[in-house]
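In: just to be clear, the model below is a prediction. Sequence and coordinates:
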Amino acid sequence: MGSCASSPEEVAAAAHTRELDKQIRAEADLSVKSVKLLLLGAGETGKSTVLKQFKLIYGVGFNEGELKLYRATIILNVITCVKTLVAAMDSLRIPYGFDPSTVDPSLLTREEVIASEAPSPNKASRESGMNGRKDPMALVAASLYEDLNKPPEEGDGPRKPSAVESAARFIKECDITFCFGSDNVCPVDMADAICLLWKDTGVRYCISRANEYQLMDTCTYLINEYERILSAEYKPTDQDILSSRIMTTKVTETKFKVQDLIFRVFDLGGQRSERKKWMPYFDDVKAIIFLVAISSYDQVCFEDNSTNRSEFLILELLLSDLLRFNSNAYLAVTESMVLFNTVCNHAMFKTTAMILFMNKIDLFREKLSKSPIVEYFPEYGGENTFDRGTEFFASLFTLLNKTPERKIYVHFTWATDTNQIKKILTMVNDVILSMSMSNMGLL
Ligand SMILES: Nc1nc2c(ncn2[C@@H]2O[C@H](COP(=O)(O)OP(=O)(O)OP(=O)(O)O)[C@@H](O)[C@H]2O)c(=O)[nH]1
Ligand SMILES: [Mg+2]
């Protein structure tokens with residue numbers, strides 16, 4: 001009795017030590033359990049789509065307010081797609097009703113057709129010569145377009161436009177901000193015009209040349225679903241929401257509980273103007289999911305061409321031993337490489353788990369036969385297959401990593417497919433968890 005007695009100072013010191021231990025444990029626990037994850041990548045690569053998948057898989061999905069917002073967004077997406085197509089029909093010089101399957105092959109060898117130069121649809125591709133292939137079908141379309149649109153002979157009145165041409169004019173002239181009312185219903189005359197245009201073979205052909213202008217990737221999905229979307233009682237499904245498109249202009253933080261971790265997921269806008277906002281979020285980042293739209297390998301990059309050129313030349317120097325680019329074309333995938341080079345080798349991300357999503361593999365698979373890789377990357381010597389192609393593009397990115405001992409975790413993703421993303425996020429979470437634990441010295 002009495003042998004265990006301590007002085008008041010010793011009791012206070014022990015209490016203080018216990019309190020400190022508790023605090024350290026709590027802090028350690030918090031930093032292990034809270035994981036800051038950034039979604040980075042160029043514009044339209046699928047960052048917000050991955051965030052939506054997090055919500056569906058680890059959250060509670062979308063509430064009524066969000067459904068209302070997405071309903072308006074999706075209807076606007078349909079109208080925007082049709083407006084883009086109507087503009088592209090003129091810039092690519094495709095006549096409405098043009099049907100490649102009915103073109104007389106003898107037309108393709110007509111001297112005047114071969115000789116005619118179809119002007120490229122925009123500055124970027126004109127400079128790049130990406131359409132230097134002189135696609136014979138494009139030349140036939142352009143020649144028919146000229147015939148149809150030439151000024152009437154003297155004494156003749158103007159040609160009466162076809163129903164689909166009138167629909168195109170209606171769409172061209174409508175102001176997108178006022179085209180549907182407070183009830184968020186697409187007006188009947190607009191729905192009718194959209195319906196006529198969607199069904200037009202010339203418009204379908206125009207969609208097949210989407211790499212020559214900028215069309216939302218979701219366009220084909222919307223085409224298949226537009227009747228449902230334009231109906232008065234339309235309510236978006238999860239798949240509609242995943243396929244919808246809103247450019248991110250405000251950084252968002254969303255928290256999810258994944259196993260024992262709290263994920264703080266930051267979705268940042270990827271367009272050039274939005275990237276200026278990234279820096280303040282670079283502190284204490286445990287993991288980055290960097291998204292690349294692998295399907296953009298044949299897509300001319302449309303953002304700010306003057307800046308692109310210099311970055312492009314730097315990248316060309318960086319990779320000159322590995323690959324010689326088509327020195328005239330600045331492609332959307334090249335823009336992603338420039339950005340990944342900066343992010344991956346950034347001093348603040350030395351211990352950050354770097355996860356690369358080579359996204360939009362569904363579109364990549366569809367494109368391969370129409371757009372052989374070698375036409376855009378002349379040094380590519382592999383087979384024009386999905387496996388070899390994905391491997392090649394992934395290697396272009398992983399080779400940019402200047403710290404060889406650091407692993408880049410690569411996944412080939414289809415961000416609009418919940419089942420596939422669910423499996424991939426499980427693997428990603430395992431990596432993040434084990435990296436967080438080992439950074440804390442707990443593994
Ligand atoms: N087919 C297909 N579409 C995809 C895929 N991933 C994303 N999309 C679509 O691509 C479009 C752009 O996706 P977002 O998630 O908005 O792109 P983002 O990277 O957030 O773009 P910013 O906010 O501008 O930086 C949307 O319409 C998506 O539905 C995919 O794997 N396959
Ligand atoms: Mg976004």
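Out: Yes, it's here. Ligands and ions are numbered 1, 2, ... in the order given.
In: from now on I want contacts and neighbour counts done on CA atoms only, so please keep to that.
Out: OK.
In: shouldn't Ser48 be in contact with Asp267?
Out: Yes: the pair Ser48 / Asp267 is scored as a contact, 6.4 Å apart, by C-alpha atoms under 8 Å.
In: from the chain's centroid, how far away is the helix of greatest length in the chain?
Out: If you go by DSSP state H, the chain has its longest helix at helix 64-91. Remark: helix 64-91 is offset 16 Å from the chain centroid, using C-alpha atoms, centre = their mean, to the nearest Å.
In: what does stretch 280-290 give?
Out: 20 Å.
In: that stretch: which residues count as buried?
Out: By 16 or more other C-alpha atoms under 10 Å, the buried positions in stretch 280-290 come out as Phe282, Val285, Lys286, Ala287, Ile288, Ile289, Phe290.
In: quick one: contacts of that stretch?
Out: Residues outside stretch 280-290 that contact it (C-alpha atoms under 8 Å, 6 or more residues apart in numbering) are 35-41, 340, 348-349, 351-357, 432, 436.
In: report the buried residues of stretch 190-206.
Out: 190-191, 193-198, 200-206.
In: report the two of the residues you listed separated the most.
Out: Met190 and Tyr205 (21.8 Å; C-alpha to C-alpha).
In: for Leu268, phi and psi?
Out: phi -110, psi 140 (degrees, to the nearest 10).
In: now, the buried residues of stretch 280-290 that are in strands?
Out: Ala287, Ile288, Ile289, Phe290 (DSSP state E).
In: quick revisit: go through the buried residues of stretch 190-206 and flag which are in helices.
Out: Per DSSP H, the subset of the buried residues of stretch 190-206 in helices is 190-191, 193-198, 201-206.
In: closest to Ile408 out of those residues?
Out: Using C-alpha to C-alpha, those come closest to Ile408 at Cys206, 38.1 Å.
In: where's that closest one relative to ligand 1, distance?
Out: 18 Å (C-alpha to the nearest ligand atom, to the nearest Å).
In: quick one: contacts for that residue?
Out: Contacts of Cys206 by C-alpha under 8 Å, 6+ apart are Leu85, Ala88, Met89, Leu92, Ile94.
In: any low-confidence regions in the stretch 201-350 of the chain?
Out: 301-330 (pLDDT under 70).
In: which residues touch the residue nearest to Ala193 when sequence neighbours are not counted?
Out: Nearest non-adjacent residue to Ala193, counting by C-alpha to C-alpha, 6 or more residues apart in numbering: Ala167, 4.7 Å away. Contact analysis of Ala167 by C-alpha under 8 Å, 6+ apart lists Ala193, Ile194, Leu196, Leu197.
In: also Arg275?
Out: Taking C-alpha under 8 Å, 6+ apart, one finds Leu268, Gly269 in contact with Arg275.
In: and the gap between it and ligand 2?
Out: 12 Å (C-alpha to the ion, to the nearest Å).
In: what's the local residue count around Thr254?
Out: By the measure other C-alpha atoms under 10 Å, the count of residues near Thr254 is 14.
In: bridging residues for it?
Out: According to DSSP bridges, the residues that bridge with Thr254 are Val265.
In: pretty sure it contacts Leu268?
Out: No: using C-alpha under 8 Å, Thr254 is not in contact with Leu268, being 11.7 Å away.
In: is Tyr234 in contact with Tyr226, as I believe?
Out: No: Tyr234 lies out of contact with Tyr226 (C-alpha under 8 Å); the separation is 10.3 Å.
In: neighbour count winner among these two?
Out: Tyr226 (19 against 14).
In: hmm, that one is touching Val78, no?
Out: Yes: the pair Tyr226 / Val78 is scored as a contact, 7.4 Å apart, by C-alpha under 8 Å.
In: overlap in contacts, those two.
Out: Joint contacts of Tyr226 and Val78 (C-alpha under 8 Å, 6+ apart) do not exist.
In: and the nearest residue to Glu253 once chain neighbours are set aside, what does it touch?
Out: Nearest residue to Glu253 in three dimensions, chain neighbours excluded: Phe266, at 4.5 Å (C-alpha to C-alpha, 6+ apart). By C-alpha under 8 Å, 6+ apart, the residues touching Phe266 are Lys36, Leu37, Leu38, Leu39, Val251, Thr252, Glu253, Thr254.
In: out of these, who has the most neighbours?
Out: Leu37 (25 neighbours).
In: element containing that one?
Out: In this structure, Leu37 is located in strand 34-41 according to DSSP states H and E.
In: and that strand, what does it pack onto?
Out: helix 47-58, strand 261-267, strand 287-293, helix 332-344 (3 or more C-alpha pairs under 8 Å, 6 or more residues apart in numbering; DSSP states H and E).
In: following element in sequence after the second one, please.
Out: Using DSSP H and E, the helix or strand that follows strand 261-267 in sequence is helix 272-275.
In: and that following helix, what's buried?
Out: Quick answer for helix 272-275 (16+ other C-alpha under 10 Å): Glu274, Arg275.
In: could you find the closest non-adjacent residue to the residue in the stretch 251-400 of the chain positioned nearest to ligand 2?
Out: Closest to ligand 2 within the stretch 251-400 of the chain is Gly269: 5.2 Å, counting by C-alpha to the ion. In space, and not counting its chain neighbours, Gly269 is closest to Thr248: 4.6 Å by C-alpha to C-alpha, 6+ apart.
In: wait, is the one you found part of a helix?
Out: No: counting by DSSP: H, G, I helix; E, B strand; the rest coil, Thr248 is not part of a helix but coil.
In: does it really touch Leu268, like I thought?
Out: Yes: contact criterion C-alpha under 8 Å: Thr248 and Leu268 qualify, at 6.8 Å.
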